[in-house]
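*Asks:* got a predicted structure here, sequence first:
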Amino acid sequence: MQTTLIGLAVIGAAVIYIVMIYNRLVALRNQFKNGFAQIDVQLQRRHDLIPNLVEAAKAYLNHERNTLTQVVEARNGAVSAQQDAAKDPADGAKIQKLGAAENLLTKALANFYAVAENYPELKANETIQQMMEELSSTENRVAFARQAYNDGVMTYNTYREQFPNNVISGLFAFKPTSQLELETPAARQAPEVAF
């Protein structure tokens, strides 16, 4: 009888321990998903500013249509990747595609800024200056949100890989996810706005 009680106590403790690990995995997964939601908001703001900036710049950049087209196409690709990643922020492949799309958008914007330097009347336009400042501010917000998301992903991935958590995470299909990273060191820098 005493052996049975000890056996039940051990089984009960093991079940409680498994439940605690499971609940912690759920909490960490929800934490990084919330972090992605913050990135999603800032990326949406960034993506919404770009068409207005391009439209305002069209009057000044008649000979630079290719640059404006590249910005618009990169923005559309980033919006598509953002929407796809927002459906399942735990899917590492979607997060990597989002990072690549945002990297292309950052490069296109940097090219736009470089071209804009050659047009003094564009640099003097208050509307464009204000949009550039808002875009720069949004870039900073994206960077902070990305840092919080990446911290959440790192904590989640570390916890799910530790023993015995890795057994429980495998048993309940808690898959690893990817951090949101940019592909090149140059893309890690926010575009400079010197108007």
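*Replies:* Looks like it came in fine. Numbers count the residues shown, from 1 in each chain.

*Asks:* who does the helix-or-strand element of the chain with minimal mean pLDDT touch, helix- and strand-wise?
*Replies:* Every helix and strand in the chain was compared by mean pLDDT, DSSP states H and E; the lowest is helix 120-124, with a mean of 77. In terms of contacts (3 or more C-beta pairs under 8 Å, 6 or more residues apart in numbering; DSSP states H and E), helix 120-124 is not packed against any helix or strand. Backbone N, C-alpha and C define where each C-beta goes, glycine included.

*Asks:* hey, where'd the helices end up in the protein?
*Replies:* Along the chain, counting by DSSP state H, helices occupy 2-58, 65-87, 92-116, 120-124, 126-161, 165-171.

*Asks:* and Glu126, what is it in contact with?
*Replies:* By C-beta atoms under 8 Å, 6 or more residues apart in numbering, no residues touch Glu126.

*Asks:* how close does it sit to Ser137?
*Replies:* Applying C-beta to C-beta, to the nearest Å, the value for Glu126 to Ser137 is 16 Å.

*Asks:* let me know whether Asn134 touches Arg46 as I believe.
*Replies:* No Asn there; residue 134 is Glu. No: assessed by C-beta atoms under 8 Å, Glu134 is found out of contact with Arg46, at 9.2 Å.

*Asks:* who has more neighbours, the two?
*Replies:* Arg46 (24 against 17; other C-beta atoms under 10 Å).

*Asks:* and that one, how far from Leu180?
*Replies:* 14 Å.

*Asks:* surely Gly77 is in contact with Thr106?
*Replies:* No: shown here, Gly77 and Thr106 do not form a contact pair, counting by C-beta under 8 Å, at 12.0 Å.

*Asks:* quick one, which of those two is more surrounded?
*Replies:* Comparing Gly77 with Thr106 by other C-beta under 10 Å, the one with more neighbours is Thr106, at 24 against 17.

*Asks:* coming back round to it: kindly export the least confident helix or strand of the chain (C-alpha atoms) in CSV.
*Replies:* Output of helix 120-124 as CSV, limited to C-alpha atoms (Å, rounded to 0.1, in the frame of the first residue of the first chain):
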residue,chain,number,x,y,z
PRO,A,120,17.4,70.4,-54.0
GLU,A,121,13.8,71.3,-54.6
LEU,A,122,12.8,67.8,-53.3
LYS,A,123,14.9,68.3,-50.2
ALA,A,124,13.3,71.6,-49.6
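
*Asks:* in that helix, what counts as buried?
*Replies:* By 16 or more other C-beta atoms under 10 Å, the buried positions in helix 120-124 come out as Leu122, Lys123.
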